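S.K.: after the sequence you'll find the predicted model.
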Amino acid sequence: MSRDTLFLLDREFADPALPGRNFYCKDCITIEGLLAAFPERAADLDVIRVAYPRPRPAVIAAIGTGNQNLPALIWLKEDGSLGFANEIEALLAALAERHGFPERHP
């Protein structure tokens, strides 16, 4: 892994528990908007969109079964281990620190 990887849910998805309706993830849409607003910074990320239902094999392979919450940003630390953020505030902070995205105003 040479570039940071950003996992997002598909932009629109169905939830089998709520049949007949379509949804989006509010945190993933926030990140989608950030990527669209700053494409030159987004170009430095590998973005992978995954389906809503769990299990999410690509996410599990990257950061484990217990960390399937999305969105998730994954990076390689200097010591060779993986770092990740999959809570929105930590993820936004990591995007600002690691990729120069502006910070969200408090």
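M.R.: On my side now, so go ahead.

S.K.: can you give me the strands in the chain?
M.R.: 5-9, 13-14, 22-23, 46-50, 72-76, 82-85 (DSSP state E).

S.K.: just how off-centre is the third one within its chain?
M.R.: Going by Cα atoms, centre = their mean, to the nearest Å, the spacing between the C-alpha centre of strand 22-23 and its chain's C-alpha centre is 18 Å.

S.K.: check the fourth one too.
M.R.: For strand 46-50, the distance between its averaged C-alpha position and the chain's averaged C-alpha position is 8 Å (Cα atoms, centre = their mean).

S.K.: using PDB, list the CA coordinates for that strand.
M.R.: C-alpha atoms of strand 46-50 as PDB (Å, rounded to 0.1, in the frame of the first residue of the first chain):
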ATOM      1  CA  ASP A  46      -7.300   5.400  -3.800                       C
ATOM      2  CA  VAL A  47     -11.100   5.400  -3.400                       C
ATOM      3  CA  ILE A  48     -12.900   2.100  -3.100                       C
ATOM      4  CA  ARG A  49     -16.700   2.000  -3.000                       C
ATOM      5  CA  VAL A  50     -18.300  -1.000  -1.400                       C
END
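
S.K.: adjacent strands (with direction) for that strand?
M.R.: strand 5-9 (parallel) (DSSP bridges).

S.K.: and what of the third one?
M.R.: Note on strand 22-23: by DSSP bridges, its sheet partners are strand 13-14 (antiparallel).

S.K.: contacts only, for Y52.
M.R.: Y52 sits next to L9, D10, F13, A14, D15, F23 when contact means Cβ atoms under 8 Å, 6 or more residues apart in numbering. (Each C-beta comes from the backbone N, C-alpha and C, glycine too.)

S.K.: how about the helices in the chain?
M.R.: 26-37, 39-42, 57-63, 88-99 (DSSP state H).

S.K.: got a list of what R54 touches?
M.R.: Q68.

S.K.: what distance do you get for L6 to R21?
M.R.: From L6 across to R21, the span is 26 Å (Cβ to Cβ, to the nearest Å).
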